[in-house]
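Q: sharing a sequence plus its predicted fold:
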Amino acid sequence: MMGLRLAAPGERLSILCLGAHSDDIEIGVGGTILSLIASGVRVDVTWCVLSAINPRADEALTSARKFLKGAEEYKVELGSFEDTFFPDQSRSIKQWLAELSLRVTPDIIFTHRGDDAHQDHREISRLTWNVFRDHAILEYEIPKWDGDLGQPNVYMPLSQVAMDTKVELLLDCFGSQRSKDWFDAETFKSLARLRGMECRAEERWAEAFTMRKLCLL
């Protein structure tokens, strides 16, 4: 399996993370962010949660600060769009993202998978591609009861430390979600173990993404 490095230790990498809800980025790409920081890449992260209203706004801020500890720079931006009604708010969300695009020029964008079963996730993915037309975009996955896991084509192997830290932070930061039967260490580790098996990760764990388009320079 061929590997491509996002950035080498010491290099600067600008990242835009987009999530519909307060825990989406952490679930989908949290381990990757932790791994890049731990490897010595100088990450500059803009971390955006589109639906983050108290108390979930507090959770989003606390979690972002912990996941981004050690980043070169980071900025957290929270929206207040209504949960589960994103398609009906498409015009306003597109304007929010368009204004964001005037302020950030990321090397890579992490967003939701385009065929995710959750309507909010799909809308964010669609608008990401619509607004950010000249950027590298990786779509992350969120496990859920719908059973909509796809066939990713990009993998980020995770160390045992990164995997353990990701799970620990998820369970610690999102008290509002702990009552949900799927929000537990077993769910997060099971998916990461499956993706680690698929890419033959040295330490068994991985996060996986879908890349629709790539231009080699």
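A: That came in fine, so what should we check first?

Q: now residue 46: which helix or strand?
A: In the assignment (DSSP states H and E), residue 46 maps to strand 42-49.

Q: okay, that strand in PDB with CA atoms only?
A: The C-alpha coordinates for strand 42-49 follow below in PDB (Å, rounded to 0.1, in the frame of the first residue of the first chain):
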ATOM      1  CA  ARG A  42       3.500  22.500  13.000                       C
ATOM      2  CA  VAL A  43      -0.200  22.400  12.600                       C
ATOM      3  CA  ASP A  44      -2.300  25.600  12.300                       C
ATOM      4  CA  VAL A  45      -6.000  24.500  12.800                       C
ATOM      5  CA  THR A  46      -9.300  26.300  12.200                       C
ATOM      6  CA  TRP A  47     -11.800  24.100  14.100                       C
ATOM      7  CA  CYS A  48     -15.500  24.900  13.200                       C
ATOM      8  CA  VAL A  49     -18.600  23.400  14.700                       C
END
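
Q: what's that strand packed up against?
A: strand 12-19, helix 24-39, helix 56-67, strand 73-78 (3 or more Cβ pairs under 8 Å, 6 or more residues apart in numbering; DSSP states H and E). Glycine gets a C-beta too; all of them are placed from N, C-alpha and C.

Q: among the ones you listed, which comes closest to residue 198?
A: helix 24-39 (15.0 Å; Cβ to Cβ).

Q: strands of the protein, start to end?
A: 12-19, 42-49, 73-78, 108-112, 136-140, 154-158, 205-210 (DSSP state E).

Q: deepest of those, which one?
A: Ranked by mean neighbour count under mean count of other Cβ atoms under 10 Å, the strands of the chain are led by strand 205-210, which reaches a mean of 26.

Q: for this protein, which residues score under the pLDDT cut-off?
A: 2 (pLDDT under 70).

Q: and the strand holding residue 46, which strands flank it?
A: strand 12-19 (parallel), strand 73-78 (parallel) (DSSP bridges).

Q: distance of the residue lying closest to residue 191 once chain neighbours are set aside from residue 25?
A: In this structure, residue 191 finds its nearest non-sequential neighbour in residue 143, 5.2 Å apart by Cβ to Cβ, 6 or more residues apart in numbering. From residue 143 over to residue 25 the distance is 14 Å, taken as Cβ to Cβ, to the nearest Å.
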